[in-house]
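Enquirer: Quick one: sequence and predicted model below, then my questions.
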Amino acid sequence: MSIIVRTTVALLFSCTLELCGCTSNSVKTDPLKYVVQVVGDGVPGDCPHNGITRQYPLNRAQGQSMWKGAEVAYIHSPVWTDLREIVALRGCDDEGVSVGSEMAASQIRLNPETIAVIGHATSGTTRSAAAIYASANIPVLMPIATSPNVFFDPSSGDRLQNLFRLPPSDDRAQAPAVAYTAINILKSRRIYLVRDISEDAPEYSGPLFKRIQQLIGSNKIDDIEVNRKTPSIHEVAQNVFDQDADLVIFVGYGTTANVILSDIQVEYSRFKRKPPPILLTDGCKIVDLNVGSLLVYVTFPVPDSHKLPCDTEDMAIFNEQVPQPKSYELYGYDAMVILGKALNSCLRTSSLSRECVQNALSGGSPLEGACLTYSFSAGDNSRSSIYLYRARASGPDSADYEQIRVVTPDDWHLLKGQ
């Protein structure tokens, strides 16, 4: 791409962004550089907020994984070979709390160089920021947020049109997969259901918990809401023991799950009884999960990349650069690949803009990542499954994950009420 062409594209892009309603008095130091901003808890890089701090690392591992995948794609994917001349990649840690995500989004929307956002690392922080990005027509690709609520403006309730989610929605996919696993695979009939309501967890855990409740029906013996900052969380292990549960389903984040897993191991070891299996939702697939000797399963929307039957250049790059993916690296990588293809398409039509990117993503045509195919309908990916992993201790406070099954829509439909 010649300097003249790139300069012309840059000028067109700058004008387009002004028309999008994003105003700023800042002067760009490099007129050929525009920005894809990756935002989330644990993402490295300076974040434009006022130093928000929090006591617990809510979802740091997943945010770091999202960033790793995006960074590898930006540096190595052939889709980005020419784009790196005009588009920069930047990271931003929103500290995993809604106020941090709002402050970051408010600053990012004012930057006329921002062409798209990838993030955030939780459903709560994503929802808090999404409407702010929408006010400047900034498209947002979501590799992690799975709550059905993220598409709706918290203030007006209006459905936002600038969001594109790679994993499936919890109510449509993960909840049926959890229920199917519990009833049809693990054959559980005495299920103790736990919901995480710790800081920033309610947005994620609420709809998922409610739908799982509906689907497991009379197989549930009891349920409880817990906050890891309150003493009541330590009641879970004793309740599970006293009620002789044959399965614990936990809906929430790994930081909270670790407290419960530890308590269950202690409670059952006191009486030399075998604890029941634990089934965790996708917010718990973290490297430092405290599995111990427990039988632990995790439902997760991302497959093990080494089990995908692909021979694409991007898949080879991903497996070489991320040899042991633990979490959302693949969706971070695919978000960058899909976005890169949208930007290249816009460049070919000489209309590089946020609006063009959004139209390219929402056109309904299949979009190819490294291996997986995405098709967005009203922002949700209609091509998706849920994967069942077995978690095993790999150290005193660490875990490895083995994909043992794909739970498909055909399985979900075997559940009553589906």
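Expert: Yes, it's here.
Enquirer: Now the phi/psi pair for the residue nearest the centre of the chain, please.
Expert: Residue closest to the mean C-alpha point of the chain, counted by Cα atoms, centre = their mean, is Ile144 at 0.8 Å. The phi and psi values for Ile144, taken as degrees, to the nearest 10, are phi -130, psi -50.
Enquirer: and what of Lys220?
Expert: phi -90, psi 130.
Enquirer: next one: Lys341
Expert: According to degrees, to the nearest 10, Lys341 has phi -70, psi -40.
Enquirer: ok, now Gly119?
Expert: Dihedral pair for Gly119: phi 150, psi -170, per degrees, to the nearest 10.
Enquirer: For the nearest residue to it once chain neighbours are set aside, which residues are in contact?
Expert: Of all residues not flanking Gly119 in the chain, Val39 sits nearest, at 3.7 Å (Cβ to Cβ, 6 or more residues apart in numbering). All C-beta spots, glycine's among them, are computed from the backbone N, C-alpha and C. By Cβ atoms under 8 Å, 6 or more residues apart in numbering, Val39 lies in contact with 47, 91-94, 101, 104-105, 108, 117-120, 129.
Enquirer: Hmm, Val298 is touching Ala399, no?
Expert: No - look at Val298 against Ala399 with Cβ atoms under 8 Å: they stay out of range, at 9.1 Å.
Enquirer: Tell me the spacing between the residue nearest to the centre of the chain and Gly340.
Expert: Using Cβ to Cβ, to the nearest Å, Ile144 is found at 19 Å from Gly340.
Enquirer: Kindly report the same for Leu208.
Expert: Leu208 is 31 Å from Gly340, by Cβ to Cβ.
Enquirer: Compare those two (neighbour count), which wins?
Expert: Ranked by neighbour count (other Cβ atoms under 10 Å), Leu208 and Gly340 place Leu208 first, with 25 against 22.
Enquirer: Ignoring the adjacent residues along the chain, who's closest to that one?
Expert: Asp170 (4.2 Å).
Enquirer: re the thing from before, can you add secondary structure and pLDDT and give the contacts of Val39 back as JSON lines?
Expert: Listed next are the contacts of Val39 as JSON lines, based on DSSP: H, G, I helix; E, B strand; the rest coil; pLDDT from 0 to 100:
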{"residue": "Cys47", "secondary structure": "coil", "pLDDT": "73"}
{"residue": "Gly91", "secondary structure": "strand", "pLDDT": "94"}
{"residue": "Cys92", "secondary structure": "strand", "pLDDT": "92"}
{"residue": "Asp93", "secondary structure": "coil", "pLDDT": "90"}
{"residue": "Asp94", "secondary structure": "coil", "pLDDT": "88"}
{"residue": "Ser101", "secondary structure": "helix", "pLDDT": "90"}
{"residue": "Ala104", "secondary structure": "helix", "pLDDT": "92"}
{"residue": "Ala105", "secondary structure": "helix", "pLDDT": "95"}
{"residue": "Ile108", "secondary structure": "helix", "pLDDT": "94"}
{"residue": "Val117", "secondary structure": "strand", "pLDDT": "98"}
{"residue": "Ile118", "secondary structure": "strand", "pLDDT": "98"}
{"residue": "Gly119", "secondary structure": "strand", "pLDDT": "94"}
{"residue": "His120", "secondary structure": "coil", "pLDDT": "94"}
{"residue": "Ala129", "secondary structure": "helix", "pLDDT": "95"}
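Enquirer: would a markdown table of these with distance to Ser155 and neighbour count be doable?
Expert: Below are the contacts of Val39 laid out as a markdown table (distance: Cβ to Cβ, whole Å; neighbours: other Cβ atoms under 10 Å):
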| residue | distance to Ser155 | neighbour count |
| --- | --- | --- |
| Cys47 | 23 | 24 |
| Gly91 | 28 | 22 |
| Cys92 | 23 | 26 |
| Asp93 | 25 | 24 |
| Asp94 | 19 | 31 |
| Ser101 | 15 | 32 |
| Ala104 | 18 | 28 |
| Ala105 | 14 | 32 |
| Ile108 | 19 | 26 |
| Val117 | 19 | 29 |
| Ile118 | 24 | 30 |
| Gly119 | 20 | 34 |
| His120 | 18 | 35 |
| Ala129 | 13 | 28 |
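Enquirer: I'd like these as JSON lines, with distance to Val251 appended.
Expert: As requested, these are arranged in JSON lines below (distance: Cβ to Cβ, whole Å):
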{"residue": "Cys47", "distance to Val251": "29"}
{"residue": "Gly91", "distance to Val251": "29"}
{"residue": "Cys92", "distance to Val251": "28"}
{"residue": "Asp93", "distance to Val251": "25"}
{"residue": "Asp94", "distance to Val251": "23"}
{"residue": "Ser101", "distance to Val251": "22"}
{"residue": "Ala104", "distance to Val251": "27"}
{"residue": "Ala105", "distance to Val251": "26"}
{"residue": "Ile108", "distance to Val251": "30"}
{"residue": "Val117", "distance to Val251": "27"}
{"residue": "Ile118", "distance to Val251": "25"}
{"residue": "Gly119", "distance to Val251": "22"}
{"residue": "His120", "distance to Val251": "19"}
{"residue": "Ala129", "distance to Val251": "23"}
